[in-house]
Every structure is written in C-alpha cells, then in structure tokens.
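In: Only the shape, not the letters, is given here:
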C-alpha cells in the first residue's frame, strides 16, 4: 500500500497538476462568462450593467464571489443536513469532472478516453441528483417543487440530446471527442446537420436550466426553486456548477457542430492562430447566442416546455436518426463501412 | 499490490457497505441514494475490467434514468410510516423466503459450474477475437449480428411494457380544462376582437 503510493507519487502529482491546469482556467472562464452575461443582458435592456468595481466593472464578479465566501451559512432547521451539504458539492464536482475529456486542441486533453461522449453524457445526467437532493433535503415547499420540475425537465430533454448525439456519432464512427473533431476537417457538422444543431441548442438551454426554460428557479412562482434555502458557500457552489455546465454545453456544441479547434478557412492568416484560440472563440460565440436568448425570450409555461420536449423534439430527433442513417447507408458515406 | 487491485478493493468495499445500507437505513430516500452509490461503484468495477462502454451505459441508464424515477417516487412518499418498528416483523417471513430462494439458486449455480483453469486466458482477456477494436465496436459487432434476434425481442418486450403501462394509467377525466395549442395559435385580431358602440341603459349582447 505505502510502496504503491510512494512509487506513483510523482505520477499522482503530475495528474493533480494537470487537473489544476483545467480547473483554474475554468474558474477564470466562469468569471468572464458571468461578466459577459450580465453586460449583454444589461445592453439589451439599455442599462449599463456592472460598472463600479474595478475597470469597466470587471472586478464585480470576484467581489460577489468573495461576498459569498464570507457570509454565514444558514442551515434550515428541519433539513437533512448531510444530504443538504452533499447536494451543492455534487453539482459543482460533476460539472467540473466532465471537463476532463474536452480536447481544446489537437492532443491537448487530460484524458483521451474512447467513450468521451458517453462520459460527458453520463456526468450531465448525474447532475440531476444535485438538484433533487437539494430540493428534498431543504424540507421546504418551494425547493421541493423546483426540484421536481427540474428533474422532470432534465430527464425529458436528455432524451432528445441523446438522439442528437447519436446522429453526430453516426457521421463520425467513434465515441472519442477528438475523433469527432477530426471528422470535421472538411466540413463542420452544423452545415449538414443544421436542424440537429438547433434541437441541441434549445435542449442544452433546457438541460442547464437557462432562460427561457429556467422554470426550476422561476422567481415569480417558486422564489429561487431548489436553491431557495441555500446561502453563502453552498449557494456559490450551485451557481458555479450551473455556469460550468453552460460552458460545457458551449464546448460540446463547438466540438460536435463547429469543428473544435479547426479554423473556419484553412488558409494562411487563419491557420497560423493556435487551435485552442479558435476553440475559445467558438465557445464565446455560442455563449453569446445563449446569453441573447436569456435577454429577449420570455419564460415558457411548464406544460409548453414538456410539450416541446416530448411531442416536438423527440419525434424530430428520432426522425433525424432514421434519415441520417439512411442517407449514410444508401450513399455509402458511413465511416464504419468505408 | 497494484493500483487496479487497490481500486478494486475500494470499489467493492463501498459496494458491499452501501448495499447493506440500502436495506438497513430507515429513510427510503437514503436507501435510494445508497442504491445509486452502489450502481456508481459497479460502474467503477467495469472500468477496472476495461469495459468502459458498459460502465458508461450503466451510469446513463441506471443512475441517470431509472434511479431518478425511483427517487422521484420515493421522495413524494410520506416516509414516517416506514419508521414504525412493527412493520419490520410483518415483512420478515416473505423476506426470509425470497432470501432462501436466492441463496439456494446461487449455490446450485456455483456447484454446477466447473472452474476450469485451462480457459483462464479467455476469462482474463475476453476480447481475443477483437484485438484491434475498441469495446464499443466489439459489442456492436456481436450485438447486431449474432444476437440480433434477442436484441430485437427485448426491444419489443420493453415496447409492449411501455404501451401497456400507458394504457393502464390512461383515463380521461370530465371537466378538466385543457389547452388546445392549435386553437390558441389560430386566434387572430379579427376573430377575437369586435368593436361595439353600446347605447346607454341597453348594454351589450354577449
């Protein structure tokens, strides 16, 4: 046991270092994205947004974070304390864990496993437990209703996300995320699979509880949904998990539909820029779209949300699986057969 | 002791302890959460066996979908009933019966299985036929060729079960106000608003 640890100590430190190399930029990314989100939202509503703390209000987000760190943690009296604290930890941990397989450039990835897509899908489907546990352990009406809504919503939209992923995988012939990017060297998948990109985009909004599908935390109905009873650090963890999940969805869309690290045109000024910059630029463009949706689409009613998921997206994505596989088969385009 | 052996011991200890907690913990929600922990560590065992596809499917299907529905139902129960101590004795005979049947089945299977050490190579490396394939491709190439009949049959059984449960629970209640999306979308300015000029003391016909 001790021999095992001492032998692998160097390797262990190496892996921990690599994890920090993902984690620290990720936190920075969350800060930037939160700031951008608030600024874009403000601009659409002709406000100024955060502009007091630091230059252009840039330090507003770290200041908010610090405030959360130093506030008192209030625990509801009738709550199930263990589960109450596991819930936010689980949410943020799972959100961060999924980033282990995201390739931001050729060969720059922590773990290049050959079921990468399934791993991300598994991690995001586990995310529902954080919310369910939070809602139940708070022992309060609004969090419970919010958690029930959220669980139903996430499970419903996962189905259509799954089928969209299947259509993409059929065009690639591998579950490895790097292979998915390599398959888009000539043409980015959002051109042949544009309807699937739209379905994935909208489902990603529902999956991450973003407006217009933020019913689990609809202020006018449920106060703040499953996180009503949370304060200070646990609340911060929920918040962090939510935004890391949104970034993850941006990265997924970049990898599956926008050609990952490849430049738009493979000519001199473009392909000299390193791949990870293209990756980040694409992610930011997708985040801009998500942010704009938040700014100008009104919130859905719950039955409309369920109708959209089960009666529109599910048949549509099933049809897309059938059509895509038929086209690949009859035109002999499928990568598996070649 | 290798790293995989160590992780095997960790995973299997957690599996045993948490599955014990599933049946002993008083709160049903805790039971379901321990069940989920068991599934999760089972996926860990699959990963040690280099069956990463099965591991991920286990997490996605059991943990991500089946157990969510489980938790969903259990969460809405009033669990104070099950805390009553008299209930434990009530379920003891049937629980004992099921346990005896299960253990005797296990013993029968173990007695009739010959642990032949000559095919240990296959046990250690079951993918010998699929040397250069990932295990997703290996499973696919068997499942959709040799076992296609069983695969389709289980699919049909699940479909029938699904339709059956929907039919059993489907009931149309009278007097429920429903939204017709089509009629809502068909509304327009002309069909919904009429301008009237009401006269004094006469009002409007509705």
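Out: Sure thing, it's come through. Everything numeric here is computed off the predicted structure, so don't read it as measured data.
In: and the helix or strand that contains residue A:29, what does it pack onto?
Out: With secondary structure defined by DSSP states H and E, residue A:29 is part of helix A:9-44. Secondary-structure packing of helix A:9-44 (3 or more CB pairs under 8 Å, 6 or more residues apart in numbering or on different chains; DSSP states H and E): helix A:60-70, helix A:81-97, helix A:232-257, helix A:275-296. In short, each C-beta sits where N, CA and C put it, glycine included.
In: Contact residues of chain B facing chain A?
Out: Within chain B, the positions adjacent to chain A are B:1-3, B:6, B:27, B:29-30, B:33, B:36, B:52-53, B:56-57, B:59-60, B:63-65, B:68-69, B:71-72, B:75-76, B:134, B:136, B:179, B:181 by CB under 8 Å from any CB of the partner chain.
In: what about 6 Å?
Out: When proximity is defined by CB under 6 Å from any CB of the partner chain, chain B lies next to chain A at B:1, B:52, B:53, B:56, B:59, B:60, B:64, B:68, B:71, B:75, B:134, B:136.
In: quick revisit: any chance of the helices and strands packed on helix A:9-44 in CSV, with mean pLDDT and distance to chain B too?
Out: As requested, the helices and strands packed on helix A:9-44 are arranged in CSV below (pLDDT from 0 to 100; distance: least, CB to the nearest CB, whole Å):
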stretch, mean pLDDT, distance to chain B
helix A:60-70, 88, 27
helix A:81-97, 89, 7
helix A:232-257, 90, 15
helix A:275-296, 89, 21
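In: Export these as CSV, with columns for mean neighbour count.
Out: Listed next are the helices and strands packed on helix A:9-44 as CSV, based on neighbours: other CB atoms under 10 Å in any protein chain shown:
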stretch, mean neighbour count
helix A:60-70, 14
helix A:81-97, 20
helix A:232-257, 23
helix A:275-296, 18
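In: Would you quantify the distance from residue A:270 to chain B?
Out: 33 Å (CB to the nearest CB, to the nearest Å).
In: got any ranges where chain B has weak pLDDT?
Out: For chain B, the stretches with pLDDT under 70 are B:1, B:78-88, B:114-131, B:206.
In: Quick check, the residue in chain B closest to chain A?
Out: Closest residue of chain B to chain A, CB to the nearest CB: residue B:64 (3.1 Å).
In: and residue A:262, that one's in a strand?
Out: No. Judged by DSSP: H, G, I helix; E, B strand; the rest coil, residue A:262 forms no part of a strand; its state is coil.
In: Quick check: buried residues in stretch B:175-193?
Out: Counting neighbours by 16 or more other CB atoms under 10 Å in any protein chain shown, one finds that stretch B:175-193 has no buried residues.
In: List the residues that contact the closest residue to chain B within chain A.
Out: Taking CB to the nearest CB, chain B has its nearest neighbour within chain A at residue A:125, 3.1 Å off. Contact analysis of residue A:125 by CB atoms under 6 Å, 6 or more residues apart in numbering or on different chains lists A:158, B:60, B:64.
In: Any of the residues you listed buried? List them.
Out: Buried members of the contacts of residue A:125, scored by 16+ other CB under 10 Å, are A:158, B:60, B:64.
In: can you give me the helices in chain B?
Out: B:3-24, B:28-48, B:52-58, B:67-75, B:86-90, B:92-112, B:120-124, B:135-143, B:148-169, B:181-186, B:189-192 (DSSP state H).
In: Which elements pack onto the fourth one?
Out: Using 3 or more CB pairs under 6 Å, 6 or more residues apart in numbering or on different chains; DSSP states H and E as the contact definition, the elements that helix B:67-75 packs against are helix A:116-137, helix B:28-48.
In: So which residues make contact with the shortest one?
Out: Spelled out, it's helix B:28-48. Residues contacting helix B:28-48 (CB under 6 Å, 6+ apart): B:4, B:8, B:11, B:14-15, B:18-19, B:21-22, B:25, B:54-55, B:58-59, B:62-63, B:67, B:70-71, B:74-75, B:79.
In: okay, the angle between that helix and helix B:135-143?
Out: Orientation check (axes from the mean of the first three to the mean of the last three CA atoms, to 10 degrees): helix B:28-48 against helix B:135-143 gives 90 degrees.
In: Give me the distance from helix B:28-48 to the chain's centre.
Out: Relative to the centre of its chain, helix B:28-48 is centred 12 Å away, using CA atoms, centre = their mean, to the nearest Å.
In: what does the first one give?
Out: Relative to its parent chain, helix A:116-137 has a centroid offset of 12 Å by CA atoms, centre = their mean.
In: Could you check the angle that helix makes with helix B:28-48?
Out: 160 degrees.
In: quick one, helix A:116-137 and helix A:232-257 angle?
Out: Using the same axes, to 10 degrees, the direction of helix A:116-137 lies 150 degrees away from that of helix A:232-257.
In: Next, the angle helix B:67-75 makes with helix A:116-137.
Out: Relative orientation of helix A:116-137 versus helix B:67-75 (the same axes, to 10 degrees): 10 degrees.
In: Quick check: next helix or strand after helix A:116-137?
Out: Per DSSP H and E, the helix or strand that comes after helix A:116-137 is helix A:141-172.
In: Which residue, other than its chain neighbours, is closest to residue A:159?
Out: Spatially, and ignoring its direct neighbours in sequence, residue A:159 is nearest to residue A:314 (5.9 Å; CB to CB, 6 or more residues apart in numbering or on different chains).
In: The host helix or strand of that neighbour: how far from the chain's middle?
Out: Per DSSP H and E, residue A:314 falls inside helix A:314-330. For helix A:314-330, the distance from its own C-alpha centre to the chain's C-alpha centre is 25 Å (CA atoms, centre = their mean).
In: counting contacts, what elements does it pack onto?
Out: Counting by 3+ CB pairs under 6 Å, 6+ apart, helix A:314-330 packs on helix A:141-172.
In: What mean pLDDT does the next helix or strand after the helix it packs on get?
Out: As assigned by DSSP H and E, the chain's next helix or strand after helix A:141-172 is helix A:177-182. Averaging the model's pLDDT scores along helix A:177-182 yields 87.
In: Buried residues in helix A:177-182, which are they?
Out: A:177, A:178, A:179, A:180, A:181.
In: before we move on, what about stretch B:58-76?
Out: Buried residues in stretch B:58-76, defined by neighbour count with 16+ other CB under 10 Å: B:58-60, B:62-65, B:67-68, B:70-72, B:74-75.
In: measure the residue of chain B closest to chain A to residue A:123 for me?
Out: 9 Å (CB to CB, to the nearest Å).
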